[in-house]
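Asks: Have a look at this prediction, sequence included:
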Amino acid sequence: MAGADTALGRLSSLYMGFGNFGLNLGLAIAKIVCKDFKLNPERFVKHVRVQDFYPGAHFLELLRRLGLGAPEEVAQGGTIDAEAVRCRNYLSYGPIASAEELPYNIAAGVGSYWPLSAYHARRNFARLYSDLVNDLEHKAGRKVTDFNIFVYAASSGGGTGNGSAPEFAGLLIRELEKEKLVAPHVLHLGVTVLPFKADPRIGLAEPNTLAFLGRFSKVVRTILVGDNQYVQETRKTNQEEAERKLNEILAWSILGLFFMNYVQTGRYEVADYVAFFSAEGRSSWVVPAFTFLKGEDFIGYLEKWKPEVPARAIVLQLKDSLAAEINTEYEARKLLVIVVLPRVVSVSWEFYQAFRSALSREFNTPEDRIHIAFAYTDVRGLALIFAYVVDPYIQRISEIYGKNIHLFEAGSSRRKSFTGLATRMRGTMPVSIESYEKELLSSDVEYIEKAFAQFHTVFENYLASWGLTPRRVAEGPHTVNFFLDLLPKLREPAVVPRQACSFKLEVLHLEESRPASPADLAVLLNRAEGLPVKNYYLVESLDRTLREAVEAAHTALRAGDWPWICLKLGSTYIPLTEDFLDYVVSELASVPDSTIALVYFSSGKELKSGEDTSVKHA
Amino acid sequence: MVFERSRLSKQLRQLEESTRVLVSQLSQIDLPVEPRIRECFAVKFTKEVNSELTRISSMLESCESKTCFEEVEKALALFSQRLAMLRGEVNYLRGVGELELRVLLRELFECRGALPQIPSLSSALLHCYVEACLAKTEHEIEAAKAHHQRLRSSGGVHPQLHGIWERLLQREEELLNSVEEELARVKELAPREPCEALRRLNSIARAANESKARCEEYGALKVELFSPRAVESFIPPRAEDIFESEDDVRRMLNERVFERLYSVVYRMLPAEEAEKEVERLLNEYAKCIWYELRR
């Protein structure tokens, strides 16, 4: 059974993040969709689900700090942050294991011992799945079958996400298959990041990366790969900033796929993505890139310049925004580029050709395997450019493989190596695993070994298209320029943060029947004295409509039936008609001494015009 | 003869004036490159044209024969031609839009071929870019060496651990030396083959940068593992009851220290070698603690 969107062929997505990275990427998506850019969640990722060992309170606190959460009850005189209210139901949290199952306070995660979180995800899948179904229904009013793109995100070098994401994804896919949700009608998209070289446990994080890629590639069709180290090196920044930047690139890259919902003709359906990302019987590894410029600049380029110049400039800018290093000495399999412009413009054939040729040159992809799509929608006046390089030669993965080649070499010492690896992994746990799960202890070495074998198969397949084998991994030089900061810059413009303003908000609960007309309501309110008013402040973005602002306030107050909305100027209430609600907040912000009033009536009965509207409590 | 000298001097003055105008025009172009590349380019350009003028001028001054004047005349004609070409290139740079200039320079610096519109200027610009990259690489190496030197000279290592501490630093020093040697070779190569030099500089700078990062890690490791206090922290009260042999100490270190030490050594060596190296280091470490225990 499919939901309405999926039945219509629209792209409809559920994001599921595992572990710390999964949480951060989920929050980055929520921040873009709900807070910083007014994207319609119905057309992008519809719900963000985070699964971790953290207690739920930690998750809520994190949301609050990021300005994405909202208090459960708003006290009188308090502030209602409209964007946060919108976000609240957009996010949900599910614990991978309950506190009773854990031998200790596992807030620190499972160290690098990913078999433990895999074990919990496998054992608790039935509960995790039913929690997910319930939360989707209560928080988002949706069913699992409403989606056709399932995104699973976890970092590759860690423990929690590394263990649980492939396990959960594999079991969920089986569950969805029971509902007849199968490829090519569904895309299972993985997202992962490679660790920083300065990771304090890099000696485990890197082998864990290979094990993760092996297991993940067995269950999801496509994996978007980002590399923290690469972003830090090329941006010459600290780890936190690099992580934030990479999360931003990945979050936009996920959302980028959904701009194809805004194409008038030739709209992409899931099957198109499934076909595009396919890689002959195995999961494809995709390195995304995302950049943007001012929409008017882009359109100006199209109008004023000979096409080669802007085409090359945009492609270079895009290349600088890759999520991981690709070695362009090796041909990439395919390239998908989605350009989103703020208004419909005619893109000349010359520009299209120049763009394609520049892309082919910079990303080393044959022109006939490059697909360029244009979508039109206004995202704060920006031109957004997304690239998805399918199966490029990812330098870092080969390097990690090369460093750990002894784990793949046949021989009697291999088993010893895996036993050593398992012991070291267990050593990163806050408590001794011996006192915990005996069953896991007896099987983890085998499990780890199997994961590496899976990676080897996938990697062999991946290298085959270049005529390489794992024994002959190219050790070519880095193709990324270390001196990027000395090159002429093709920079992204600064995006002006969304401006917000604060309104006085009055809430009136009247023990009355609902008046029949605005005039009756005006008489009722302006005649009465000592109305039972509760005061709040409403913080709302200037570009939202009054209707959106009121909806957010109404949701936060959980006040029952839809209120009558009034504008209060000085002490006079002016009931607003429906069409007035389409004014944007910035227009109201300029009216001095104005207040938004929400008037609730306790009796659902609607009076006929002219009936007595004297106020009892006056 | 006098007439010839005067005629050629006049031509030379005219060319000097044209050169001044050209240099001034060039200095007004806002090249979208790093200030140091811009400066280098201006200096290089000015020096090159002025040195040619000076050469012709001194030739003219010492001329006594007809053949010599003919030589000067030829040199002036050649210089005039060159100046005309350079004027064309400068005019191109003045006329080209900023976006196009950024793209062109970027492609030039990434060795996608010289720019046909500015053949002479592009070579000077590329050399200046290589010089900036060389300076940056030198800076990276210097920074790594300074870090390394500080680690060497700062002391604070437990006397029994000096051996293994030195071994770690020795490895890093060898690596830095090889990087320096390679840089010297690249410096020689740079004027002739700037693109090959850039390719090799890319690896050198990266290696130096990684060495610097490792030295930072060593600094932290020294406090955590190699200081007398760190050694003390591995010796619990009534240690003689807990540890019966050096093997017991080794086991404890394996649990508590291996991963930390391994993660640093791993960044320098392949995993298998790193593992063996850390095992060797831990053996010596265990000896040190055992020695302290029995003291």
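Replies: Alright, I've got the coordinates.
Asks: Sketch out the low-pLDDT regions of the chain for me.
Replies: Looking at chain A here, since you left the chain open. Where chain A drops to pLDDT under 70, the residues are A:1-9, A:55, A:70-72, A:103-108, A:264-265, A:435-437, A:474-479, A:604-618.
Asks: actually it's chain B I care about, not the one you picked
Replies: B:1.
Asks: for chain A, longest helix please?
Replies: Ranked by residue count under DSSP state H, the longest helix found in chain A is helix A:438-464.
Asks: and that helix, what does it pack onto?
Replies: helix A:114-123, helix A:202-219, helix A:413-427 (3 or more CB pairs under 8 Å, 6 or more residues apart in numbering or on different chains; DSSP states H and E). In short, each C-beta sits where N, CA and C put it, glycine included.
Asks: ok, the spatially most central residue of chain B - contacts?
Replies: Chain B has residue B:137 as the residue nearest its centroid, 1.5 Å off, counting by CA atoms, centre = their mean. Neighbouring residues of residue B:137 by CB atoms under 8 Å, 6 or more residues apart in numbering or on different chains: B:183, B:201, B:204-205, B:208.
Asks: Does it belong to a helix, a strand or coil?
Replies: Classification of residue B:137 using DSSP: H, G, I helix; E, B strand; the rest coil returns helix.
Asks: who's in contact with stretch B:229-241?
Replies: With contacts defined as CB under 8 Å, 6+ apart, stretch B:229-241 is touched by B:158, B:160-161, B:223-224, B:242, B:249, B:252-253, B:256-257, B:288-289, B:292-293.
Asks: Dump the C-alpha coordinates for that stretch into PDB.
Replies: Extracted in PDB, the C-alpha atoms of stretch B:229-241 (Å, rounded to 0.1, in the frame of the first residue of the first chain):
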ATOM      1  CA  ARG B 229      53.700  11.600  36.600                       C
ATOM      2  CA  ALA B 230      52.100   9.500  33.900                       C
ATOM      3  CA  VAL B 231      54.300   6.500  34.800                       C
ATOM      4  CA  GLU B 232      53.300   7.000  38.500                       C
ATOM      5  CA  SER B 233      49.600   7.000  37.500                       C
ATOM      6  CA  PHE B 234      50.100   3.500  36.100                       C
ATOM      7  CA  ILE B 235      51.300   2.300  39.500                       C
ATOM      8  CA  PRO B 236      48.400   1.800  41.800                       C
ATOM      9  CA  PRO B 237      48.700   1.500  45.600                       C
ATOM     10  CA  ARG B 238      49.900  -1.900  46.700                       C
ATOM     11  CA  ALA B 239      51.000  -2.500  43.100                       C
ATOM     12  CA  GLU B 240      53.400  -5.300  44.200                       C
ATOM     13  CA  ASP B 241      50.300  -7.400  45.100                       C
END
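Asks: in it, what's buried?
Replies: Across stretch B:229-241, burial judged by 16 or more other CB atoms under 10 Å in any protein chain shown covers B:230-231, B:234-235, B:239.
Asks: Repeat that for stretch A:563-580.
Replies: A:563-568, A:573-576.
Asks: ok, and which of these reach chain B?
Replies: Filtering these for proximity to chain B by CB under 8 Å from any CB of the partner chain leaves nothing.
Asks: Out of those residues, which two sit at the greatest distance?
Replies: A:563 and A:574 (14.7 Å; CB to CB).
Asks: what residues does the stretch 101-250 of chain A put near chain B?
Replies: Residues of the stretch 101-250 of chain A lying near chain B (CB under 8 Å from any CB): A:197-204, A:206-207, A:233.
Asks: Quick one: neighbours of whichever residue of the stretch 501-618 of chain A sits closest to chain B, just the number.
Replies: The stretch 501-618 of chain A approaches chain B most closely through residue A:543 (29.8 Å), counting by CB to the nearest CB. Counted with other CB atoms under 10 Å in any protein chain shown, residues neighbouring residue A:543 total 14.
Asks: Quick check: it vs residue A:232, distance?
Replies: 34 Å (CB to CB, to the nearest Å).
Asks: what does residue A:330 give?
Replies: Taken as CB to CB, the span from residue A:330 to residue A:232 is 24 Å.
Asks: With distance to residue B:274 and mean neighbour count added, can I get the helices and strands packed on helix A:438-464 in a markdown table?
Replies: Compiled in a markdown table, the helices and strands packed on helix A:438-464 are given as follows (distance: least, CB to CB, whole Å; neighbours: other CB atoms under 10 Å in any protein chain shown):
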| stretch | distance to residue B:274 | mean neighbour count |
| --- | --- | --- |
| helix A:114-123 | 21 | 25 |
| helix A:202-219 | 7 | 25 |
| helix A:413-427 | 12 | 18 |
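Asks: among those, which is nearest residue A:29?
Replies: helix A:202-219 (19.3 Å).
Asks: Could you identify the helix or strand that succeeds that closest one?
Replies: strand A:222-227 (DSSP states H and E).
Asks: Now do the phi/psi pair for the residue of the stretch 1-150 of chain A at minimum distance from chain B.
Replies: Closest contact between the stretch 1-150 of chain A and chain B, by CB to the nearest CB, is at residue A:112 (8.5 Å). Backbone torsions for residue A:112, taken as degrees, to the nearest 10, come to phi -110, psi 10.
Asks: residues in contact with it?
Replies: A:157-159, A:201, A:204-205, A:208, A:424-425, A:428.
Asks: hang on, the earlier thing: what's the angle from the longest helix of chain A to helix A:202-219?
Replies: On the basis of axes from the mean of the first three to the mean of the last three CA atoms, to 10 degrees, helix A:438-464 is oriented at 80 degrees to helix A:202-219.
Asks: list the buried ones in helix A:438-464?
Replies: Buried, per 16+ other CB under 10 Å, within helix A:438-464: A:440-441, A:444-445, A:447-449, A:451-452, A:454-456, A:458-459, A:462-463.
Asks: ditto for stretch B:142-150
Replies: B:144-145, B:147-148.
Asks: Enumerate the positions of stretch B:108-121 that are buried.
Replies: For stretch B:108-121, burial by neighbour count (16+ other CB under 10 Å) applies to B:108-111, B:114-115, B:118, B:121.
Asks: Against chain B, how distant is residue A:248?
Replies: Residue A:248 sits at a distance of 24 Å from chain B (criterion: CB to the nearest CB, to the nearest Å).
Asks: Quick check: phi and psi on that residue?
Replies: phi -70, psi -40.
Asks: repeat for the one 3 residues further on
Replies: Listed backbone geometry of residue A:251 is phi -60, psi -50, with angles given as degrees, to the nearest 10.
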